[in-house]
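Chemist: just coords:
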C-alpha cells in the first residue's frame, strides 16, 4: 500500500509509539483487503467501551496509547458503556465493575474522544453525504451508509481507534463506489407495519444476505426509526453494511428474495424465549430518537408502571436533554430514561433481571446470548401495555 512521506514517518515511529502502532494497524488492514492508499475521514466512532464486553486486556493497551502521547486527529465518539453513572440503579453493581468501567471511559476521554456513549452518534451530528468515516458500531454503520449516504466500512474497535488517531482509513470496501452496488432484490409481500415488524424483517434478511447489499421494495413506510430497527437487525443476524429502497429497473443477474407473512411470524416465534411475565421492559436498542421518546411519552402519559416491573428507555444524553419534557412524563409514570448504556452491554443478571420484553429485534437476538436472560419480543405498543397498570 502506498504511503506518503509523512505516513512513512509515522509508520517508522518518528511521531511516537501510539501513532506508529495505529498506522501499522491501518496498513495491515489495507494490505489484507487490497487498499492502495489511505484516505482522510470526517469522524470515527469507536466500539469496545463496555467493560462487560471487552474485560481487562484492552485497558492496558488504551493506557499505553495515552502514555505514548496518543491524541485523536478527528472528531471521535464512543459506543455505550456498561453503566449510567447518573442513575442509582447501577450502584447495585459490584464496585470493581463500576471502577473499571470508569477507567475505560476516562482513558478514551484523555485521548480527546468524546464520551458520547451512544450507538446513535448520527443524532448528535449527522454525517454529510459522501463523507468518509471510520465507524465501528454495526447499527450505526448501516444507518450512516443507507440513510445519510456516508461512506464507511464496518470497522472493529481497534481499527476505528487507529483511524481516529491517524485521521485516515484504508481505501477499500464501501469507500469505493463499485462496492456500494446492490446485489440482491428483496420483494416484501408480508404486512410490515410496526417497528418490531421492521426489526423482524431485518433479522430474516440478515440471515439470508450475509454481507450482501439489498434493494428492498414493498415497505409500507420509510419512517427512519423503523428503518433504524430493520438495519440494526440486518447487521445483527448478518453483516449487511447498507441497503437501498425502491423498485429495480431490471431484475437480471440478481437474486430475488421474497418475504411473506409466515417468514416474519417465524422470526417473532424464534426471538421470544419466555412465557413468564418480564422483569424489565426495555426500549432503546439502538438508542431512542427524539421522536421515539415522544411516542413513548404519549403512550404512557397518565398511567403508572407496575410495581413488579422496570421500564427502561435508553438514549444518549444529547437526546435526553432535547426530550426533557417527554422525559418528565415517562419518569412521572415510573419509567427510567437511562443514558450511556443499554440492556445488551450491561450486567442484567447482576441487576436482578431474568426476563425482558423489548421491541428491539437486535436486543431479542443478543440478550439470551450475552446476558443469559429470557426474552419476549413484541411491538412498542404491546411493551407499554405490559409495563403499565390497568
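Modeler: Arrived safely, thanks for sending. It should be emphasised that the depicted structure is a prediction, and the values quoted were computed from it without experimental measurement. Residues are numbered from 1 along each chain as shown.
Chemist: let me see the ranges of the strands in the stretch 101-250 of the chain.
Modeler: For the stretch 101-250 of the chain, the strands defined by DSSP state E, counting those that start in this stretch cover 133-135, 168-170, 184-188, 214-217, 244-245.
Chemist: out of the ones you listed, which gets nearest to residue 256?
Modeler: strand 184-188 (4.9 Å; CB to CB). For every residue, glycine as well, the C-beta is placed using N, CA and C.
Chemist: so what touches that closest one?
Modeler: Identification of contacts with strand 184-188 by CB atoms under 8 Å, 6 or more residues apart in numbering yields 201, 205, 209, 212-219, 248, 251, 254-259.
Chemist: again, only this time at 10 Å
Modeler: 197-198, 201, 204-205, 208-210, 212-220, 240, 243-245, 247-248, 250-251, 254-260, 263-264 (CB atoms under 10 Å, 6 or more residues apart in numbering).
Chemist: repeat for stretch 330-337
Modeler: Under CB under 10 Å, 6+ apart, the answer for stretch 330-337 is 84, 87-89, 280-281, 283-284, 288, 293, 296-297, 299-307, 309-315, 319-320, 323-324, 326-329, 384, 387-389.
Chemist: got phi/psi on the closest residue to residue 348 other than its chain neighbours?
Modeler: Using CB to CB, 6 or more residues apart in numbering and skipping residues adjacent in sequence, the residue nearest residue 348 is residue 371, 4.4 Å away. Here is the backbone geometry of residue 371 (degrees, to the nearest 10): phi -120, psi 0.
Chemist: what is the neighbour count of residue 371?
Modeler: Residues near residue 371, counting by other CB atoms under 10 Å, number 23.
Chemist: show me the contacts for it.
Modeler: Contacts of residue 371 by CB under 10 Å, 6+ apart are 52, 343-351, 353-354, 356, 363.
Chemist: then residue 157?
Modeler: Here residue 157 is in contact with 45, 46, 47, 48, 49, 53, 54, 58, 78, 79, 136, 137 (CB under 10 Å, 6+ apart).
Chemist: end to end, how far does stretch 357-375 reach?
Modeler: Start and end residues of stretch 357-375 are separated by 6 Å (CA to CA, to the nearest Å).
Chemist: what distance separates that stretch from the centre of its chain?
Modeler: 14 Å (CA atoms, centre = their mean, to the nearest Å).
Chemist: pLDDT on that stretch, on average?
Modeler: In this model, stretch 357-375 has an average pLDDT of 96.
Chemist: so who does the nearest residue to residue 143 once chain neighbours are set aside touch?
Modeler: Excluding the flanking residues, the one nearest residue 143 by CB to CB, 6+ apart is residue 231, at 5.4 Å. Going by CB under 10 Å, 6+ apart, residue 231 touches 138-147, 198-199, 202, 206, 224, 240-243, 286, 362.
Chemist: and for the closest residue to residue 226 other than its chain neighbours, the neighbour number?
Modeler: Leaving aside its chain neighbours, residue 226 sits nearest to residue 198 (4.3 Å; criterion: CB to CB, 6+ apart). Here the count is done by other CB under 10 Å, and residue 198 has 27 residues near it.
Chemist: and residue 198, how far from residue 119?
Modeler: Residue 198 sits 17 Å away from residue 119, going by CB to CB, to the nearest Å.
Chemist: over to residue 89?
Modeler: For residue 89, the distance to residue 119 equals 20 Å [CB to CB].
Chemist: so for these two, which residue has more residues nearby?
Modeler: residue 119 (28 against 15).
Chemist: hmm, that one is touching residue 286, no?
Modeler: Yes: contact criterion CB atoms under 10 Å: residue 119 and residue 286 qualify, at 4.8 Å.
Chemist: between the two, what contacts are shared?
Modeler: 80, 137, 138, 139, 140, 143, 232, 314, 342, 362.
Chemist: next one: the residue nearest to residue 188 when sequence neighbours are not counted from residue 232, what distance?
Modeler: In space, and not counting its chain neighbours, residue 188 is closest to residue 218: 3.5 Å by CB to CB, 6+ apart. For residue 218, the distance to residue 232 (CB to CB) stands at 20 Å.
Chemist: which of the contacts of strand 184-188 fall in helices?
Modeler: If you go by DSSP state H, those have 197, 198, 201, 204, 205, 208, 209, 263, 264 in helices.
Chemist: could I get those in CSV, plus columns for distance to residue 12 and pLDDT?
Modeler: Output for these, formatted as CSV (distance: CB to CB, whole Å; pLDDT from 0 to 100):
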residue, distance to residue 12, pLDDT
197, 54, 98
198, 49, 98
201, 50, 98
204, 49, 98
205, 45, 98
208, 46, 97
209, 42, 97
263, 54, 98
264, 55, 98
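Chemist: which residues of the stretch 201-350 of the chain score low on pLDDT?
Modeler: Low-confidence segments of the stretch 201-350 of the chain, defined by pLDDT under 70: 250-253.
Chemist: if you set the cut-off to 90 instead, what comes out?
Modeler: Counting by pLDDT under 90, the stretch 201-350 of the chain shows low-confidence ranges at 220, 247-255, 273-276.
Chemist: for stretch 367-383, buried residues please.
Modeler: Residues of stretch 367-383 classed as buried by neighbour count (16 or more other CB atoms under 10 Å): 367-368, 370-371, 373-380, 382-383.
Chemist: return the subset of those lying in helices.
Modeler: 367, 368, 370, 380, 382, 383.
Chemist: what is the nearest of those to residue 112?
Modeler: residue 370 (29.6 Å).
Chemist: nearest residue to residue 333 in space, please, no chain neighbours.
Modeler: Nearest one to residue 333, counting by CB to CB, 6+ apart, is residue 300 at 4.7 Å.
Chemist: count the residues that sit near the one you found.
Modeler: Applying other CB under 10 Å, we find 23 residues neighbouring residue 300.
Chemist: please apply the same query to residue 226.
Modeler: By other CB under 10 Å, the residues close to residue 226 number 21.
Chemist: check contacts around it.
Modeler: With contact set as CB under 10 Å, 6+ apart, residue 226 has these partners: 192, 193, 194, 195, 196, 197, 198, 199, 201, 219, 220.
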